[in-house]
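A.B. asks: got a predicted model here, sequence first, then my questions.
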Amino acid sequence: MKYFLSGFLVFLILIEETNAQVKEFENWKRGRVTELTSEDGWINLVGLMWYNGQNSFLNQISADSLALSDRPGKNNIGVFRFSPDSAWFEFNAKLAKKSNLQPPFNKLVYPAEYGKGGIYFDHWKWTVIERGGQFAVRLRDLTHPGLGKFEGIPVFDYNPIFRVKAFFEPKFNETMEIPNVLGQVIEWKVMGILKFNLDGETYELTALDEAGRLFVIFSDATSGNETYPTGRYLYVKYPDKTGMTEIDFNFSYNPPCAFTAFATCPIPPKVNRLPLALRVGEKVPKGH
């Protein structure tokens with residue numbers, strides 16, 4: 001009887017843990033929709049313009065001419081000024097006055113805190129990014145029609161089988177070259193190797209550093225069929241003192257490129273291309 005009760009208690013604890021994970025999973029799904037449709041999400045992107053080595057003027061003549069140019073004009077909003085490690089924007093004072101704008105006329109736009117480095121005009125927003133030493137300017141339409149048409153993301157049902165224990169083997173002073181969808185090669189800091197078992201087999205994934213978090217870029221046997229072709233992304237919690245952590249593949253999510261043509265998504269390195277099918281997490285979005 002004692003062993004029966006002990007086993008039953010373990011069973012109840014497992015059920016409780018799974019219910020908590022499912023609740024977290026449902027919150028995560030709602031959060032993903034909020035993230036994608038937010039001001040700095042991916043649905044409202046309409047342009048990605050690479051800096052050509054000259055100070056670039058920002059045109060505002062008509063909705064069809066929202067672009068960068070190296071030629072000034074009376075209708076320009078202003079000019080981006082780039083240095084090797086920063087980007088500033090100077091508003092056209094006359095146009096700002098005419099449009100009743102009261103911005104800071106010299107504004108640091110890169111580096112800047114997330115969501116606070118943008119340039120606004122009417123329903124448009126521009127932000128600066130840097131990839132592999134190259135600057136680019138992103139253009140967003142804050143009234144993008146896709147925001148109202150967005151139907152959400154198809155997701156597999158939560159499956160506790162794909163929440164696995166993993167041993168984290170740290171790496172020090174190690175980097176890895178990761179290509180992105182544009183063919184650029186970005187050097188990433190390697191944090192370590194995640195070692196785990198699934199269905200009796202042992203697998204490994206290389207974890208990278210992404211804003212101080214363990215970040216995994218991977219593909220599996222579902223990539224290109226049920227899930228996005230170039231793979232998916234996943235964050236993993238830091239290990240405990242024994243080196244153990246948990247990988248929950250249910251929280252695997254699509255790269256931004258699944259939702260816009262104006263992203264610079266890194267693709268999985270060869271060491272992170274798993275031979276098994278992970279039918280959990282986000283599926284291919286509708287229309288892609």
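C.D. replies: Perfect, thanks for sending it. Because the structure is predicted, anything quoted here is derived from the model rather than measured.
A.B. asks: which residues touch the biggest strand by length in the chain?
C.D. replies: The longest strand of the chain (DSSP state E) is strand 185-198. Outside strand 185-198, the residues that touch it by CB atoms under 8 Å, 6 or more residues apart in numbering are 131-132, 162, 164-171, 174-180, 202-209, 214, 216, 236, 245, 247, 266, 276. Every C-beta, even on glycine, is put in place using the N, C-alpha and C of the backbone.
A.B. asks: buried ones among those residues?
C.D. replies: 162, 164, 166-168, 178, 180, 203, 205-208, 214, 216, 236, 245, 247, 266 (16 or more other CB atoms under 10 Å).
A.B. asks: filter these down to the ones in strands?
C.D. replies: Filtering these for strands - DSSP E - leaves 164, 166-168, 178, 203, 205-208, 214, 216, 236, 245, 247.
A.B. asks: quick check, nearest of these to Asn55?
C.D. replies: Among those, Ile178 lies closest to Asn55 (CB to CB), at 30.4 Å.
A.B. asks: residues in contact with the residue lying closest to that closest one once chain neighbours are set aside?
C.D. replies: Nearest residue to Ile178, sequence neighbours excluded (CB to CB, 6 or more residues apart in numbering): Pro266, at 4.6 Å. Contacts for Pro266 (CB under 8 Å, 6+ apart) come out as 178-180, 186, 188, 217, 255.
A.B. asks: residue ranges with poor pLDDT in the stretch 101-250 of the chain?
C.D. replies: 101-105, 113-116 (pLDDT under 70).
A.B. asks: quick one on the thing from earlier: the contacts of Pro266: which two are farthest apart?
C.D. replies: Between all members of the contacts of Pro266, the farthest pair (by CB to CB) comes out as Trp188 and Pro255, at 14.7 Å.
A.B. asks: higher neighbour count, the two?
C.D. replies: Pro255 (22 against 18; other CB atoms under 10 Å).
A.B. asks: list the buried residues for stretch 280-288?
C.D. replies: 280-285.
A.B. asks: who does Phe82 bridge with?
C.D. replies: With DSSP bridges as the criterion, Phe82 is bridged to Ala87.
A.B. asks: sorry, wrong one. I was asking about Trp50.
C.D. replies: Ala136.
A.B. asks: can you check Val155 too?
C.D. replies: According to DSSP bridges, beta-bridge pairing links Val155 with Glu282.
A.B. asks: and it, what does it touch?
C.D. replies: 29, 281-283.
A.B. asks: ok, so of the residues you listed, who is nearest Phe57?
C.D. replies: Nearest to Phe57 among the contacts of Val155, with distances taken as CB to CB, is Glu282, at 39.2 Å.
A.B. asks: re earlier: from the contacts of Pro266, pick the one nearest Tyr158.
C.D. replies: Distances from Tyr158 to the contacts of Pro266, taken by CB to CB, are shortest for Pro255, at 21.3 Å.
A.B. asks: gap between the residue lying closest to that closest one once chain neighbours are set aside and Phe25?
C.D. replies: Nearest residue to Pro255, sequence neighbours excluded (CB to CB, 6+ apart): Cys265, at 4.0 Å. Distance, Cys265 to Phe25, using CB to CB, to the nearest Å: 23 Å.
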